[in-house]
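> Below are the sequence and a predicted model for it; my questions follow.
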Amino acid sequence: MYEYAHYEHLSITKKGNVAKLMLNRPKVRNAISDVTLEELDRAFKELERDDEVKVIIFGGEGVAFCSGVDLFAHASEIKDHVPAEWLVHFERFLRVGLTIFHCRKMVICAVQGAAFGFGFDLAVVGDFTIMAEGTMLGLTENDRLSADMMMMLPYLTNMKTAKRLMFMYEKLTAQDALEMGLVNKVVPADKLMEEAEAWAARLAVVPSITLEQNKRAINHAYDLAGLREAFEFNMQSGALIEQSADKKAREERNEFVLKYGVSAWLKQHDAEMKQKAEQAGQ
């Protein structure tokens with residue numbers, strides 16, 4: 001029996017050939033800090049080494065799959081706001097995304113509640129995505145100085161849809177995501193894990209070599225189409241966007257977040273953006 005390491009932000013359980021990897025920070029809606037990124041990368045690689053595992057169900061504990069980047073941790077993790085630091089920051093996200101995308105095991109993302117920002121990327125990077133009714137998702141942080149951490153949209157949808165999701169920072173429903181081809185199936189919330197487990201059971205009877213090599217062949221086609229190069233370019237673009245911010249304004253935002261919390265800052269930010277949009281439409 002393979003013995004898994006202890007994780008602070010994740011939990012791993014296994015039944016037969018199916019492992020369940022869960023983001024386990026429900027109090028912050030499974031927001032992603034640098035610790036979470038490091039643990040995700042390590043956990044997926046550890047699951048790859050377990051020869052018993054054929055399928056990984058990837059989900060989040062609590063009401064939300066993943067609310068995106070942990071802005072509270074982010075306020076203290078990024079210190080100098082120089083290009084080199086932002087490149088390292090973005091590389092962490094990209095590394096995790098590629099680890100999941102190229103994982104030798106089949107990955108089923110079971111998504112409920114919310115999948116915003118990098119949570120959106122995590123929701124769609126697996127081989128399959130099953131989503132609960134009522135889930136909201138999108139790249140909602142792109143109304144400020146930010147960027148998609150993993151630019152899969154042009155490969156999962158089309159140019160017009162990718163630009164809509166990138167620039168309009170709107171919240172999509174699970175049904176919207178299904179119609180765009182981002183999700184395989186939408187089910188009632190109380191049936192989400194049951195459905196994911198049913199899909200995993202169907203995959204688990206297939207020989208491991210068949211699953212692995214056919215997945216590699218499909219993913220290789222996207223690599224040949226420039227997916228990896230697109231990720232690298234996106235990392236450079238994201239770092240440029242982030243480090244272009246006025247240092248004083250960013251410090252003031254971080255101080256506000258650390259003092260009053262993420263929810264208070266998002267409420268203030270959303271009100272300011274709404275006011276600007278109304279003024280622009282006059």
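Done, it's in.

> What are the boundaries of the helices in the stretch 51-200 of the chain?
71-77, 83-101, 118-124, 153-156, 159-167, 174-179, 192-204 (DSSP state H, counting those that start in this stretch).

> Most tightly packed of the ones you listed?
Burial of these is given as mean neighbour count (mean count of other CB atoms under 10 Å); helix 118-124 ranks first at a mean of 26. Just so you know, the C-beta spots here come from the backbone N, C-alpha and C atoms, and that holds for glycine as well.

> packing partners for it?
helix 83-101, strand 106-111, strand 136-138 (3 or more CB pairs under 8 Å, 6 or more residues apart in numbering; DSSP states H and E).

> Go through the ones you listed and name the closest to K20.
Closest approach to K20 among the helices and strands packed on helix 118-124 (CB to CB): strand 106-111, 8.8 Å.

> Direction included, what does that closest one pair against?
strand 55-60 (parallel), strand 128-132 (parallel) (DSSP bridges).

> how about these in a markdown table, adding distance to H9 and mean neighbour count?
Formatted as a markdown table, the strands paired with strand 106-111 follow (distance: least, CB to CB, whole Å; neighbours: other CB atoms under 10 Å):
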| stretch | distance to H9 | mean neighbour count |
| --- | --- | --- |
| strand 55-60 | 11 | 26 |
| strand 128-132 | 21 | 24 |
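
> will you turn these into a markdown table that also has distance to I241 and mean pLDDT?
Below are these laid out as a markdown table (distance: least, CB to CB, whole Å; pLDDT from 0 to 100):
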| stretch | distance to I241 | mean pLDDT |
| --- | --- | --- |
| strand 55-60 | 27 | 98 |
| strand 128-132 | 27 | 98 |
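
> closest to V183 out of these?
strand 128-132 (4.8 Å).

> any idea how far the closest one is from the chain center?
For strand 128-132, the separation from the chain centroid amounts to 13 Å (computed by CA atoms, centre = their mean, to the nearest Å).

> any idea of the angle that strand forms with helix 192-204?
160 degrees (axes from the mean of the first three to the mean of the last three CA atoms, to 10 degrees).

> Export only the CA atoms of strand 128-132, formatted as PDB.
The C-alpha trace of strand 128-132 is given here as PDB (Å, rounded to 0.1, in the frame of the first residue of the first chain):
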ATOM      1  CA  PHE A 128     -13.000  15.600 -17.800                       C
ATOM      2  CA  THR A 129     -15.000  18.200 -15.900                       C
ATOM      3  CA  ILE A 130     -18.300  17.500 -14.200                       C
ATOM      4  CA  MET A 131     -20.000  20.500 -12.700                       C
ATOM      5  CA  ALA A 132     -22.800  20.900 -10.200                       C
END
